[in-house]
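*Asks:* take a look and give me a structure for this.
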Amino acid sequence: MTESDGKGDFGGRTLYCGNLAWKVGWQDLKDFFGDKMEVEHAEVLTYKDGKKTGSGVVRFKRPEDAEKAMKEFQDKPLKGREVFLRPDAKGGKGPGSARKGQGKYLSEEAAACQLFVGNLSFSTSWQNLKDFMGDVGDVEYCDILTDKDGRSAGSGLVRFKDPEDAKKAIAELQDELLDGRKIFVREDRDGRRIEGKSSKGKGKGKDAKGKGKTSKGSKASREDEVAMYVPGLGSGTSWKDVKDAFSEFKPVHTETKMMGGSLCGIVKFSDDKMAEKAYEGMWHVECLGVKKIEPTWDKPE
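*Replies:* A predicted model of the protein is given here:
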């Protein structure tokens, strides 16, 4: 991470970066802005357990560089996802309030009522999610996030009428089961404006070291494959165990081998979309001889 001198007003030259791909690191975020402007500090935000939040902050040396970045890099793709930028009035300690007139973000007050819900089953509908969250408070809007093909992304947004209900949902519904999946609930740091469905609607083995298997019939070229690593697997875990654990996300290749001093699973996907769904869907799932697996994009050394 780049160094900063810790002096001055950071708010005027710091941007919040949302919708980051899970495999984006701080160096990727810094390099994204190229040589056009000088980045003083770049950081990818994570939860306490180390999982990435899909967002980050970038501090520039000059306020005019931050303004220029807003104009030139808004909605530009980084590792397959369009990044959105907005001023971080808190100078890197949080997303801050939405940019006036942007329309695509909520006010800070409204954002306090909105939650991001992850690890949803692909079969979960907005109505199921709304009914589930409605147990703790009055849901104003609810929506399931989708990819460009219109398929569920395995996550959703829920906005309560009262911010206290949002806090209650985080406290009471974290890791609860919905449609067979343990969901995780957090503040929607991106503060995205949703035009979803209103709550007024009706209804309620042996060590297979170095061995692996590539799925038959896969048309993805090896150059396009996206690799994910799952370190610290239980002794005796085979490539087939890994394949079965990740089957919902259709891996094109799985194997196990010793890496970084432990048995590691290597899972390859045909594209970034499915790899990101697997990362979000499998984080801290109990399987493969591990109480909470932590998939990573970084190859264990």
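*Asks:* so which residues of the stretch 201-301 of the chain form strands?
*Replies:* For the stretch 201-301 of the chain, the strands defined by DSSP state E, counting those that start in this stretch occupy 211-214, 226-230, 253-259, 262-269.
*Asks:* winner for burial among these?
*Replies:* Across those, averaging neighbours per residue (mean count of other Cβ atoms under 10 Å) puts strand 262-269 on top, at a mean of 22. For every residue, glycine as well, the C-beta is placed using N, CA and C.
*Asks:* contacts for that one, please.
*Replies:* Strand 262-269 has contacts (Cβ atoms under 8 Å, 6 or more residues apart in numbering) with 207, 209, 212, 225-235, 237, 239, 242, 246, 249-258, 275, 278, 288, 295, 300.
*Asks:* ok, now stretch 143-154?
*Replies:* 118-126, 129, 155-157, 194-197, 273, 277, 280-281.
*Asks:* measure the closest residue to P163 other than its chain neighbours to T254 for me?
*Replies:* Residue nearest to P163 in three dimensions, not counting chain neighbours: A112, with 4.3 Å by Cβ to Cβ, 6 or more residues apart in numbering. Distance from A112 to T254, counting by Cβ to Cβ, to the nearest Å: 42 Å.
*Asks:* give me the domain ranges for this structure.
*Replies:* 11-87, 108-198, 211-282 (automatic domain parsing).
*Asks:* mind pulling up the pLDDT for V139?
*Replies:* pLDDT, V139: 88.
*Asks:* what's the local residue count around it?
*Replies:* 26 (other Cβ atoms under 10 Å).
*Asks:* that one pairs with what?
*Replies:* Assessed by DSSP bridges, V139 has beta-bridge partners F160.
*Asks:* next up, the contacts around it.
*Replies:* Per Cβ under 8 Å, 6+ apart, neighbours of V139: K130, M133, V158, R159, F160, K161, S199.
*Asks:* which among those residues count as buried?
*Replies:* Among these, those classed as buried by 16 or more other Cβ atoms under 10 Å are K130, M133, V158, R159, F160, S199.
*Asks:* gap between the closest residue to E225 other than its chain neighbours and M228?
*Replies:* Nearest non-adjacent residue to E225, counting by Cβ to Cβ, 6+ apart: K268, 4.5 Å away. Per Cβ to Cβ, K268 is found 7 Å from M228.
*Asks:* then F116?
*Replies:* In terms of Cβ to Cβ, F116 sits 22 Å off from M228.
*Asks:* torsion angles phi and psi at the spatially most central residue of the chain?
*Replies:* With distances taken as Cα atoms, centre = their mean, the residue of the chain nearest its centroid is G54 (4.0 Å). In terms of degrees, to the nearest 10, the main-chain angles of G54 are phi 80, psi 20.
*Asks:* that one touches L20, doesn't it?
*Replies:* Yes: between G54 and L20 there is a contact under Cβ atoms under 8 Å: 5.2 Å.
*Asks:* which residues of the stretch 1-150 of the chain score low on pLDDT?
*Replies:* Along the stretch 1-150 of the chain, the model assigns pLDDT under 70 to residues 1-11, 48, 89-111, 147-149.
*Asks:* and the strands in it, which stretches?
*Replies:* Under DSSP E, counting those that start in this stretch, the stretch 1-150 of the chain gives strands at 14-18, 39-46, 52-60, 77-78, 81-82, 84-87, 114-118, 139-146.
*Asks:* need those in CSV with distance to D179, can you?
*Replies:* Formatted as CSV, those follow (distance: least, Cβ to Cβ, whole Å):
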stretch, distance to D179
strand 14-18, 27
strand 39-46, 27
strand 52-60, 22
strand 77-78, 31
strand 81-82, 26
strand 84-87, 29
strand 114-118, 12
strand 139-146, 12
